[in-house]
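1. sequence plus the predicted model coming up.
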Amino acid sequence: MSSKFEKAVAYVQSLDKGGSGPDTNTKLEFYKFYKQATAGDADPAKEPSRFQFVERAKWVAWNDIKGTSKEEAEASYVKRLIQYLKDNHPNEPILKELEG
């Protein structure tokens, strides 16, 4: 894992704890890139039931980027966090670290 990716993951995981977390769609974007970077393609055999709404939404988002390399998923995760920070928390110190 890249250093920027690790820093980005730690930051995103801390967002909800501070009460300033992203909306559901942004969370799904972080989730799909994280899962692709750490686990690879979603397993079709583990597709959740249509009645498991949250789990299925997460799986579908992840499955939508199947074939994306680990490196590409890590870079996309970091880019998404940079965009989120620019839009919502432009003075966060980590923004300069991730852009540099």
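-> Arrived safely, thanks for sending. Numbers count the residues shown, from 1 in each chain.

2. what's the residue nearest the centre of the chain in contact with, if anything?
-> Per CA atoms, centre = their mean, the C-alpha nearest to the average position across the chain is that of residue 30, at 1.5 Å. Contacts for residue 30 were tallied using CB atoms under 8 Å, 6 or more residues apart in numbering; they are 12, 22, 77, 80-81. Heads up, the C-betas are built off the backbone N, CA and C, glycines and all.

3. next, residue 48: secondary structure please.
-> When classified by DSSP: H, G, I helix; E, B strand; the rest coil, residue 48 comes out as coil.

4. can you give me the distance of it to residue 95?
-> With distances taken as CB to CB, to the nearest Å, residue 48 is found 35 Å from residue 95.

5. and those two? which has more neighbours close in?
-> residue 95 (17 against 14; other CB atoms under 10 Å).

6. name the element the residue nearest to the centre of the chain belongs to?
-> helix 24-39 (DSSP states H and E).

7. that helix - what's its average pLDDT?
-> Per-residue pLDDT over helix 24-39 has a mean of 96.

8. where does the prediction get shaky in the chain?
-> 1, 17-20 (pLDDT under 70).

9. three-state assignment of the residue with the largest distance to the centre of the chain?
-> Most distant from the centre of the chain: residue 51, at 23.7 Å, with distances by CA atoms, centre = their mean. Following three-state DSSP, the label given to residue 51 is coil.

10. could you measure from it over to residue 10?
-> Residue 51 is 34 Å from residue 10, by CB to CB.

11. before we move on, the earlier item: now the two most distant members of the contacts of residue 30.
-> 22 and 77 (12.7 Å; CB to CB).
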